[in-house]
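Colleague: okay, predicted coordinates and the sequence, questions at the end:
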Amino acid sequence: MSLRLSVVIPFRDESPSLASLHAELAGVLDALPFESEMIFVDDESDDDGAVVVGLLAARDPRVRLLALTPHSGQSAALEAGFRAARGEIVATMDADLQNDPADLPALIAGLAEADCVCGVRVARRDRFGTRLASRAANAIRRRVLRDAITDIGCSLRVMRRTNLERIKLFRGGHRFLPILLALEGAQIAERPVHHRPRRHGRSKYGVLMRLRVVWADLLGVAWLARRVARYEVKELSRRA
């Protein structure tokens, strides 16, 4: 049986969540009718997260551990995971337990009609300020880019690896991954997913910092979208 699914999980200072995440995810993957792998990408954590994942890998051969040096951000961690992935389908999720691994089968089923299936968080369990900032950022993005993606901040997604191979993530590009895929011709679909409260630690991003950084990246993506060459090719001569 060939390996079909690679789940890429970037993390930084999420040690208390990693064993629980692995246990939940392993239960979901055990029920799938194909082989899978879990790629944990350590973005130079200051805690013992790499040790925790190393112990998980010692008893579960599906677990792989990648380590970035120096600390390079979520986009770099995701890209490293994408390049290492061996499955024809690549899924992404956060390491903080707010994404529910049980949603993965429904997202994978959605690939029957699309190249990328994005989760849309329902009944979000974030703080009010975070939800408000997310709502504002989504509204501004849709107005600037004229896209129809409901919740681009949801990290729970599944994609075809062949589509991922066509893009290069810039720093901060993970926030616009579905749009970057769409610019390369990928068909995007959405499915509702659960959202859970953070059990350990705190978010790495403050509200004001998030809005400031996202605005700068949004302008870059808008420029890129306007510069994409759109054309069709027809072969007019062909050898017998």
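Modeller: On my side now, so go ahead. Numbers count the residues shown, from 1 in each chain.
Colleague: so how far is residue 158 from residue 107?
Modeller: With the distance defined as Cβ to Cβ, to the nearest Å, residue 107 ends up 4 Å from residue 158. Where you see a C-beta, it was placed from the backbone N, CA and C, and this is true even at glycine.
Colleague: shared neighbours of those two, anything?
Modeller: Both residue 107 and residue 158 are in contact with 91, 117, where contact means Cβ atoms under 8 Å, 6 or more residues apart in numbering.
Colleague: which one of those two is surrounded by more residues?
Modeller: Neighbour totals were compared for residue 107 and residue 158, and residue 158 leads with 28 against 23 (other Cβ atoms under 10 Å).
Colleague: please, where are all the strands along the protein?
Modeller: Counting by DSSP state E, the chain has these strands, from start to end: 3-11, 35-42, 63-67, 89-92, 116-121, 157-160, 188-193.
Colleague: so can I have CSV of the ones you listed showing distance to residue 26 and mean pLDDT?
Modeller: Output for the strands of the chain, formatted as CSV (distance: least, Cβ to Cβ, whole Å; pLDDT from 0 to 100):
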stretch, distance to residue 26, mean pLDDT
strand 3-11, 10, 96
strand 35-42, 8, 98
strand 63-67, 9, 98
strand 89-92, 14, 98
strand 116-121, 20, 96
strand 157-160, 18, 98
strand 188-193, 19, 97
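Colleague: how close does the most centrally placed residue in the chain get to residue 222?
Modeller: Nearest residue to the geometric centre of the chain (Cα atoms, centre = their mean): residue 92, 3.7 Å. Applying Cβ to Cβ, one obtains 23 Å for the distance of residue 92 from residue 222.
Colleague: list the residues that contact residue 158.
Modeller: Applying Cβ under 8 Å, 6+ apart to residue 158 gives the contacts 89, 90, 91, 104, 107, 108, 110, 111, 116, 117.
Colleague: who's in contact with the fifth one?
Modeller: Just to be clear, that refers to residue 107. 91, 117, 119, 156, 157, 158, 191, 193.
Colleague: same check on the last one?
Modeller: Neighbouring residues of residue 117 by Cβ under 8 Å, 6+ apart: 107, 108, 110, 111, 157, 158, 159, 188, 189, 190, 191.
Colleague: in the sheet, who's paired with it?
Modeller: Residues found in beta-bridge contact with residue 117 (criterion: DSSP bridges) are residue 158, residue 189.
Colleague: that one and residue 51, how far apart?
Modeller: Using Cβ to Cβ, one gets 33 Å for the distance from residue 117 to residue 51.
Colleague: circling back to that earlier point, need the contacts of residue 107 in TSV with distance to residue 46, can you?
Modeller: Compiled in TSV, those are given as follows (distance: Cβ to Cβ, whole Å):
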residue	distance to residue 46
91	27
117	34
119	29
156	26
157	27
158	31
191	35
193	30
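Colleague: hmm, which of these are the buried ones?
Modeller: Among the contacts of residue 107, the ones that count as buried by 16 or more other Cβ atoms under 10 Å are 91, 117, 119, 156, 157, 158, 191, 193.
Colleague: distance check, the second one against residue 237.
Modeller: Per Cβ to Cβ, residue 117 is found 39 Å from residue 237.
Colleague: can you count the residues close to residue 168?
Modeller: As a burial measure, the neighbour count of residue 168 was computed by other Cβ under 10 Å and equals 8.
Colleague: grab the nearest non-local neighbour of it.
Modeller: In space, and not counting its chain neighbours, residue 168 is closest to residue 79: 7.7 Å by Cβ to Cβ, 6 or more residues apart in numbering.
Colleague: swap in residue 69?
Modeller: By the measure of Cβ to Cβ, 6+ apart, the closest residue to residue 69 outside its immediate chain neighbours is residue 44, 6.0 Å from it.
Colleague: this completes my enquiry, with thanks.
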